[in-house]
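>>> heads up, no residue letters with this:
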């Protein structure tokens with residue numbers, strides 16, 4: 001085969017891949033999406049927010065309860081504004097791909113999931129902030145030892161041996177704003193782009209698992225600060241090499257570095273309840289990326305490949321930046337994968353048994 005023929009084949013293959021992805025996005029474009037299908041999601045988010053407010057109110061005081069509530073909602077809207085400005089060209093293309101008709105037909109459902117996202121993120125900010133008031137950080141020595149035992153040494157050494165800080169910083173966008181789109185807007189994208197009610201419900205449940213079960217429940221079972229804060233919390237120089245590599249590479253001038261410094265200052269001064277809080281195990285970053293990867297794989301084989309690559313990058317960066325032990329990410333992937341498999345099996349049984357099919361929307 002000549003080079004020209006190979007190039008032509010590659011271009012045709014890429015065009016076919018893009019065409020398949022667009023076809024998946026446009027499927028069901030003219031179908032309405034009843035708002036009642038996602039009413040349960042909004043109810044859960046509002047109940048979760050109230051529970052978080054009560055928890056903060058009991059552990060701190062009423063005034064401190066109001067601050068994170070307003071701060072969490074404000075940060076959400078500011079983030080949405082920055083994301084929309086940053087990815088406007090992508091949104092423009094997406095608008096032409098899916099068309100106005102779908103947005104109009106799904107407006108009520110989109111509004112419900114957006115409000116739910118605001119409530120969920122506000123509640124999560126509050127819950128994560130008060131976790132160190134419920135339990136002290138206790139799991140770091142065990143997690144660090146387990147990490148080294150599994151990998152024959154500290155995983156951060158391998159990560160920084162693979163690429164230097166100059167190259168690594170080029171990947172940081174995947175860990176910040178790109179991840180933020182999945183983290184904060186995934187339910188909105190789900191309702192906008194998907195017409196399969198069972199799949200939408202399945203991934204809304206999985207999304208809640210990533211934030212509430214992994215980010216709150218399991219986080220309390222292994223409350224930890226991660227490698228980046230290990231020496232500051234416990235003393236010693238176990239991760240002095242990691243800190244030196246990161247600082248020499250200029251992480252302090254990046255969004256990740258500034259966020260890490262702000263997190264520690266809030267915790268050290270006793271004001272962590274007004275910020276997003278510190279919690280390493282398990283990794284919510286990796287959990288959200290895992291949800292995204294599985295969803296993309298369900299929609300298309302090619303999208304699934306992209307999703308798995310993105311999950312690998314987020315897992316790598318979670319260790320590279322010092323936010324997480326590698327086992328934090330492994331645990332998140334395992335939980336997300338097991339819950340997805342159980343939900344998928346349940347939906348398969350319901351589809352096969354008409355008597356057990358999903359009940360009509362409320």
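Thanks, I have it. All of these numbers come straight from a predicted model, not from anything done at the bench.
>>> and the helices in the stretch 201-350 of the chain, which stretches?
Taking DSSP state H, counting those that start in this stretch, the helices of the stretch 201-350 of the chain run over residues 219-221, 227-234, 240-248, 255-268, 284-299, 301-320, 326-352.
>>> give me whichever of those helices is most buried.
Among the helices of the stretch 201-350 of the chain, helix 284-299 has the highest mean neighbour count (mean count of other Cβ atoms under 10 Å), at a mean of 24. (Glycine included, C-beta is placed from N, CA and C.)
>>> on contacts alone, who are the packing partners of that one?
helix 177-193, helix 197-208, helix 301-320, helix 326-352 (3 or more Cβ pairs under 8 Å, 6 or more residues apart in numbering; DSSP states H and E).
>>> and it, how far out from the chain middle?
A distance of 8 Å separates the centroid of the chain from that of helix 284-299, by Cα atoms, centre = their mean, to the nearest Å.
>>> stretch 176-189 now?
Using Cα atoms, centre = their mean, the offset of stretch 176-189 from its chain centre is 7 Å.
>>> repeat for stretch 177-197
For stretch 177-197, the distance to the chain centre is 11 Å (Cα atoms, centre = their mean).
>>> now that stretch: mean pLDDT?
For stretch 177-197, mean pLDDT rounds to 85.
>>> next, name the residue at the spatial heart of the protein.
Note on the chain: the residue nearest the mean C-alpha position is residue 288, at 2.9 Å, using Cα atoms, centre = their mean.
>>> nearest spatial neighbour of that residue, skipping sequence neighbours?
What sits nearest to residue 288 in space, not counting adjacent residues and going by Cβ to Cβ, 6 or more residues apart in numbering, is residue 183, at 4.8 Å.
>>> one more: residue 289?
Leaving aside its sequence neighbours, residue 289 sits nearest to residue 314 (Cβ to Cβ, 6+ apart; 4.0 Å).
>>> next: residue 263.
residue 278 (5.4 Å).
>>> hang on, isn't the one you found packed against residue 132?
Yes - Residue 278 is in contact with residue 132 according to Cβ atoms under 8 Å; the separation is 7.2 Å.
>>> which one's more surrounded, the two?
It is residue 278, of residue 278 and residue 132, that has more neighbours when counted by other Cβ atoms under 10 Å, with 24 against 17.
>>> residue 104: neighbouring residues, count only.
Neighbours of residue 104 under the rule other Cβ under 10 Å: 9.
>>> coming back round to it: now do the contacts for the residue nearest to the centre of the chain.
With contacts defined as Cβ atoms under 8 Å, 6 or more residues apart in numbering, residue 288 is in contact with 179, 182, 183, 186, 207, 210, 211.
>>> can you tell me how far it is from residue 318?
Residue 288 is 11 Å from residue 318, where distance means Cβ to Cβ, to the nearest Å.
>>> kindly reformat the helices and strands packed on helix 284-299 as CSV containing distance to residue 160.
As requested, those are exported to CSV (distance: least, Cβ to Cβ, whole Å):
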stretch, distance to residue 160
helix 177-193, 21
helix 197-208, 32
helix 301-320, 7
helix 326-352, 13
